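whatever this is, show me its structure:
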Amino acid sequence: MPDKIDSLDIKILVELQEDARKSLREIAEKLGVVEGTVYNRINKLKKLGIIKKFIPVIDYSKLGFDLIAVIGITAEGGHLVEVEEMLANEPNVTAVYDVTGQFDVITVAKFKDRESLNAFVKRIAGLEHVQKTYTMLVLNVVKETHCIDLEKLMNELE
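I've put the predicted structure just below:
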């Protein structure tokens with residue numbers, strides 16, 4: 001099985017991004033290939049680590065998590081990875097980015113109320129290897145996704 005990604009692989013990814021619950025048969029029919037081809041291609045994409053898992057897209061605001069914080073963190077250099085790993089294990093944290101610029105880490109987290117956000121920020125700021133934090137609250141979510149528009153990008157390349 002070749003490890004090269006081609007346009008059929010991208011088309012399969014587009015279909016899965018649209019609805020990962022689509023059957024192999026549905027995807028095969030739409031793309032004009034046999035079901036076994038789709039099965040093999042998905043397995044290849046999983047083996048290559050391109051597809052990590054299939055998860056639902058949840059609207060957390062409908063579960064009460066409508067307070068979103070973007071937190072810049074400056075940490076002691078020798079302990080940066082330790083701080084990032086601790087943040088990554090926090091249940092409210094949706095993203096941890098090791099970044100360049102004014103901060104060492106940018107963290108995105110969601111909360112149900114100000115009290116839980118406040119407790120989180122105080123706990124993080126109080127960690128031994130955290131030098132400072134800078135918290136920004138999201139006022140409006142204009143776009144929030146971990147997907148890029150593969151179909152549009154591929155069309156631009158053609």
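
using CSV, write down the CA coordinates of the helix or strand of the chain with the lowest mean pLDDT.
Using mean pLDDT, DSSP states H and E, the weakest-scoring helix or strand in the chain turns out to be helix 150-157, at a mean of 76. Extracted C-alpha coordinates of helix 150-157, given in CSV (Å, rounded to 0.1, in the frame of the first residue of the first chain):
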residue,chain,number,x,y,z
LEU,A,150,-9.7,20.6,2.2
GLU,A,151,-12.0,20.7,-0.7
LYS,A,152,-11.6,24.4,-1.3
LEU,A,153,-7.9,24.2,-0.8
MET,A,154,-7.5,21.3,-3.3
ASN,A,155,-9.7,23.2,-5.8
GLU,A,156,-7.4,26.2,-5.6
LEU,A,157,-4.3,24.0,-6.3
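
by contact count, what packs against that helix?
helix 7-18 (3 or more Cβ pairs under 8 Å, 6 or more residues apart in numbering; DSSP states H and E). Where you see a C-beta, it was placed from the backbone N, CA and C, and this is true even at glycine.

tell me how far the least confident helix or strand of the chain lies from the chain's centre.
Taking the mean of its C-alpha atoms, helix 150-157 sits 20 Å from the chain's own mean (Cα atoms, centre = their mean, to the nearest Å).

where does this structure have low pLDDT?
Scanning the chain with the threshold set as pLDDT under 70 gives 1-2, 157-158.

quick one on the thing from earlier: now the angle between helix 7-18 and the least confident helix or strand of the chain, please.
For helix 150-157 against helix 7-18, the angle by axes from the mean of the first three to the mean of the last three Cα atoms, to 10 degrees is 140 degrees.
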